[in-house]
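Student: Need coordinates for the below:
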Amino acid sequence: MKTIQKNSGFTLVEIMLSISILSILAAIAVPNMGIWIANFRLKSAVRELANNMQWTKITAIKENRDWIIIFNPPENYLIQSSGNDGKIGTSDDPLPAKNISFIASKSGVGYGKGLATKNATKSGGKIPDDYVSYSGNKLIFNAKGMVNKPGYVYFSNNIGTAYALGTRTLAGLVSIKKWTGNNWE
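Tutor: Predicted coordinates:
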């Protein structure tokens with residue numbers, strides 16, 4: 001009796017064709033992955049600051065005292081409360097509650113305007129040289145959750161993507177805007 005043997009497997013041509021297709025797909029995906037990672041890191045830093053702004057506002061209301069975010073371009077920002085007297089800048093102020101650092105050389109994220117050409121306000125003037133429009137680089141939330149002055153902080157990554165986040169009004173509503181090439185949205 002004769003047995004029929006079935007050949008299963010791949011031919012060399014099929015393997016080479018599969019490897020070629022995978023190589024082409026990898027060549028397309030790798031550069032896009034770098035852009036995605038850079039934008040992901042920037043969005044994460046912006047969201048972290050937005051969350052810290054909200055936390056600062058809520059804590060100021062809860063504790064019935066002033067809380068402040070001090071922006072120190074290009075390194076970091078600090079979050080601190082007033083002391084028992086309820087006022088920022090007096091001798092009884094405690095050490096900062098939070099110190100958030102940026103190491104731009106590692107993450108590519110930090111203070112900056114990226115490719116943005118105007119500020120995030122309706123007037124669209126110049127972006128401040130230190131990328132912070134708050135007076136003295138300080139955002140103060142009082143015991144009612146109101147801010148001392150509306151303003152924005154600008155962040156970018158090493159590929160030019162830019163975000164502005166801040167408080168548009170004295171009410172302290174936190175706003176995040178992204179530069180789209182012509183405007184902030």
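Student: what bridges to the closest residue in space to Asn148 that isn't next to it in sequence?
Tutor: Among residues not flanking Asn148 along the chain, Ile140 sits closest, at 4.2 Å (C-beta to C-beta, 6 or more residues apart in numbering). The way it works is simple: take the backbone N, C-alpha and C, and place the C-beta from them, glycine included. Beta-bridge pairing of Ile140 under DSSP bridges involves Ile68.
Student: correct me, but Ile140 touches Val147?
Tutor: Yes. Taking C-beta atoms under 8 Å as the definition, Ile140 is a contact partner of Val147 at 6.6 Å.
Student: Make sure Gly166 is indeed in a helix.
Tutor: No. According to DSSP: H, G, I helix; E, B strand; the rest coil, Gly166 belongs to no helix; its state is strand.
Student: Count the residues that sit near the residue nearest to it when sequence neighbours are not counted.
Tutor: Nearest non-adjacent residue to Gly166, counting by C-beta to C-beta, 6+ apart: Tyr152, 3.6 Å away. The number of residues packed near Tyr152 is 24, by other C-beta atoms under 10 Å.
Student: Need the three-state assignment for the residue most central in space within the chain.
Tutor: Compute the mean C-alpha point of the chain, and by C-alpha atoms, centre = their mean the closest residue is Val46, 2.1 Å away. Following three-state DSSP, Val46 is assigned to helix.
Student: which residues does it contact?
Tutor: Each residue near Val46 by C-beta atoms under 8 Å, 6 or more residues apart in numbering is listed here: 155, 163, 165, 176.
Student: how close does it get to Asp130?
Tutor: 17 Å (C-beta to C-beta, to the nearest Å).
Student: Show me what the residue nearest to Pro73 when sequence neighbours are not counted is bridged to.
Tutor: Spatial nearest neighbour of Pro73, excluding adjacent residues (C-beta to C-beta, 6+ apart): Tyr111 at 4.1 Å. Counting by DSSP bridges, Tyr111 forms beta bridges with Phe155.
Student: Wait, Tyr111 touches Ser133, no?
Tutor: No. Tyr111 is beyond contact range of Ser133, at 11.8 Å (criterion: C-beta under 8 Å).
Student: Which neighbours do those two have in common?
Tutor: With C-beta under 8 Å, 6+ apart as the test, Tyr111 and Ser133 both reach Val153.
Student: for the residue nearest to Gly166, what are its contacts?
Tutor: 119-121, 132-133, 164-166, 177.
Student: Most neighbours among the residues you listed, please name it.
Tutor: Ala120 leads the contacts of Tyr152 on contacts (other C-beta under 10 Å) with 27 neighbours.
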